[in-house]
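Undergrad: Kindly generate the corresponding structure for this input.
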Amino acid sequence: MTGKKWDVFIYGDINVDIVIPGVEQFPGAGQEHVVEDMNVYPGGGAALFALGLGKLGLTPAFQGSVGADCHGAWLREELKRSHVDCSFLGTSQKNKTGISLSFTNEKDRSFLTYRGTNEEWNLEAIDFEGVKDAGHIHLTSYAGSRNHHLFIMLLKKIRKISSATVSFDVGWDETGEWYEGIYELLPFIDILFMNETEALHYTRGLNAEEAALEFSRHCAMAVIKLGKSGSIGAVNGVLTKSHPYRVSAVDTTGAGDSFNAGFVYGFLKGETVEQCLRIANACGAMSVTAYGGNTAFPTKEELYHFIKQQDERQED
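TA: Numbering: from 1, shown residues only. Next up, the predicted model:
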């Protein structure tokens, strides 16, 4: 699609998600509760993004690290099954594959997470041969002032050695810093992804529409995810809104990463901002209809069938 060896190069987190539904309370000391179900799924935002692109028919390459264990071997096979190139996926001899336990019920979710090989995440480890051979680069895991200088160096180097477009999902700032220096990165970004809460924090209180327009003054395109309210995009001072698709949500894990994958897919196909948002909304909506962050993510055929079906319902 991009004329390069890989359509998209992704570097980031990968782990196993163990989802345990129907957990209303945790057992006390010395007690045991029997649950009706428990399943293992691929996890990690960057990995879920890569899996989504592969299912849609693109050729993504993923760089990350798994452990020399059964979980790592299984994740490698899952990536390959979704047509993700694992040439850059390393096997750590230091840490085990990360695991996240997700306890869910109808009202909420709780997590216990072992980061494992994701602790080795380091922007300086990016393989630039992969970057050179990709038409698009997707970045995650910004941590404000802690790794801001590394992002600046990386983005400048990408601009120097490659003509690739770049998307950037900022993600939640666990420190609460919401570093204002983020604006230094935006001139190097083609697609900036944030959710509504993140945008509010970084702009110090602007609403989603105002934030999208503000960011778009500094980067090529700003996209704000509004969850059940849909999404908005801003380019050159023009705001585009897209309504959500209504589905019965089972598990919202990976919904944002699924949205990102859908949007980048549309972007690389040369679609309009409006159509990219519709594709992204559809991918995000479909992903929440089953447990696991990628289980219900669609193939290209399933995606367009879903959009057509939903559009026909709205017309009725």
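
Undergrad: residues in contact with the spatially most central residue of the chain?
TA: Against the mean C-alpha coordinate of the chain, by Cα atoms, centre = their mean, the closest residue is D257 at 2.5 Å. For D257, the contacting residues are G45, A46, L48, F49, G52, D169, G293, by Cβ atoms under 8 Å, 6 or more residues apart in numbering. C-beta coordinates here come from the backbone N, C-alpha and C atoms, glycine included.

Undergrad: Looking at those, spot the one nearest D13.
TA: A46 (5.2 Å; Cβ to Cβ).

Undergrad: and the closest one, how many neighbours?
TA: 24 (other Cβ atoms under 10 Å).

Undergrad: Tell me the spatial nearest neighbour of it, not counting adjacent residues.
TA: Among residues not flanking A46 along the chain, G12 sits closest, at 2.5 Å (Cβ to Cβ, 6 or more residues apart in numbering).

Undergrad: thought the one you found was touching G44?
TA: Yes. Using Cβ atoms under 8 Å, G12 makes contact with G44 at a distance of 6.9 Å.

Undergrad: Give the residues shared as contacts by these two.
TA: Counting by Cβ under 8 Å, 6+ apart, the contacts common to G12 and G44 are G64.

Undergrad: the more surrounded of these two?
TA: G44 (28 against 22).

Undergrad: residue contacts, that one?
TA: Contacts for G44 (Cβ under 8 Å, 6+ apart) come out as G12, D13, I14, N15, G64, G98, N118.

Undergrad: For my notes, confirm the fifth one occurs in a helix.
TA: The one in question is G64. No. Judged by DSSP: H, G, I helix; E, B strand; the rest coil, G64 forms no part of a helix; its state is strand.

Undergrad: and the contacts of D257, which two are the farthest apart?
TA: Farthest apart among the contacts of D257 - using Cβ to Cβ - are D169 and G293, which lie 14.0 Å from each other.

Undergrad: Compare neighbour counts for those two and give me the winner.
TA: G293 (30 against 25).
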